[in-house]
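Chemist: Let me see the structure of the following:
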Amino acid sequence: MKKLLKFLALVLILAALVCGVLAYLNYRERTFLDNYPYEPDTPAPDPHDGTFVSEHGTMVFNGDGESVTIAFDSKLAELTGLPEGETEATYVFLSGDLPPHGSIDVRYDIAHELQINAGDTSVVIDLGDAAEDGSTATVGVGTVTEERIPLLFRIDGKSVTVAFEKE
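Modeler: Presented below is the predicted three-dimensional model:
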C-alpha cells in the first residue's frame with residue numbers, strides 16, 4: 001500500500017509539474033504575441049511623403065523615412081518642446097513600451113509614438129485620437145495612416161488630438 005501511495009504521489013507531482021510548464025509556455029507565447037508589433041509577412045507601407053497640415057502647423061516629409069521639416073506655431077511648440085517656426089528634423093515611429101526592451105523602431109501603421117529630433121532636442125509624442133470630451137483616447141495600431149498623423153497630448157487632465165492631414 002505504501003508503494004502505491006508513493007507512486008500516486010509521484011504521478012501527481014509530475015502531472016502538476018507538466019501542467020505548470022505548459023501553462024508557463026502558453027503564457028509566454030501569448031504575452032510575446034500580444035507585444036509583437038506586426039505580421040512579419042505583410043509589406044511595410046511606404047514612408048510618408050509630402051505635406052501634412054494641422055491647425056497648429058505643418059510637417060513636410062521627404063519620403064526617405066527619416067527627414068522631416070516641421071513648422072509649428074507657438075502653441076504646438078510649447079506642447080511638444082520643439083522649436084517654433086520652420087525647423088529641419090529627423091523622425092522615427094516607435095512601438096510604445098514593449099517590456100523588457102522599451103520602445104523600438106516600428107513602421108508607422110502600428111506605431112504608438114513619434115520621436116522627433118530637431119538639433120539637440122529630442123521628444124517622443126504619443127499618437128492617437130481623443131474622444132470629443134477628452135475623457136478617453138484611442139492609441140495604437142491603425143492610428144497613423146498614409147494620409148493622417150494624429151498627435152495626442154494630455155492637457156489639464158484631458159486628451160487632445162492635433163491631427164495632421166495630408167494635403
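Chemist: secondary structure element for Thr138?
Modeler: strand 137-139 (DSSP states H and E).
Chemist: Give me the helices and strands touching that strand, please.
Modeler: strand 121-130 (3 or more CB pairs under 8 Å, 6 or more residues apart in numbering; DSSP states H and E). The way it works is simple: take the backbone N, C-alpha and C, and place the C-beta from them, glycine included.
Chemist: show me the contacts for the spatially most central residue of the chain.
Modeler: In the chain, the C-alpha nearest the mean C-alpha coordinate belongs to His112, at 2.0 Å (CA atoms, centre = their mean). Neighbouring residues of His112 by CB atoms under 8 Å, 6 or more residues apart in numbering: Leu94, Ser95, Gly96, Ser103, Asp126, Leu127, Gly128, Val139, Gly140, Thr143.
Chemist: Could you dump the residues you listed into JSON lines and include neighbour count, pLDDT and distance to Gly157?
Modeler: Converted to JSON lines, the contacts of His112 look like this (neighbours: other CB atoms under 10 Å; pLDDT from 0 to 100; distance: CB to CB, whole Å):
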{"residue": "Leu94", "neighbour count": "21", "pLDDT": "94", "distance to Gly157": "24"}
{"residue": "Ser95", "neighbour count": "21", "pLDDT": "90", "distance to Gly157": "26"}
{"residue": "Gly96", "neighbour count": "19", "pLDDT": "88", "distance to Gly157": "21"}
{"residue": "Ser103", "neighbour count": "17", "pLDDT": "89", "distance to Gly157": "24"}
{"residue": "Asp126", "neighbour count": "19", "pLDDT": "95", "distance to Gly157": "15"}
{"residue": "Leu127", "neighbour count": "23", "pLDDT": "95", "distance to Gly157": "20"}
{"residue": "Gly128", "neighbour count": "19", "pLDDT": "93", "distance to Gly157": "16"}
{"residue": "Val139", "neighbour count": "17", "pLDDT": "84", "distance to Gly157": "17"}
{"residue": "Gly140", "neighbour count": "13", "pLDDT": "77", "distance to Gly157": "21"}
{"residue": "Thr143", "neighbour count": "22", "pLDDT": "90", "distance to Gly157": "21"}
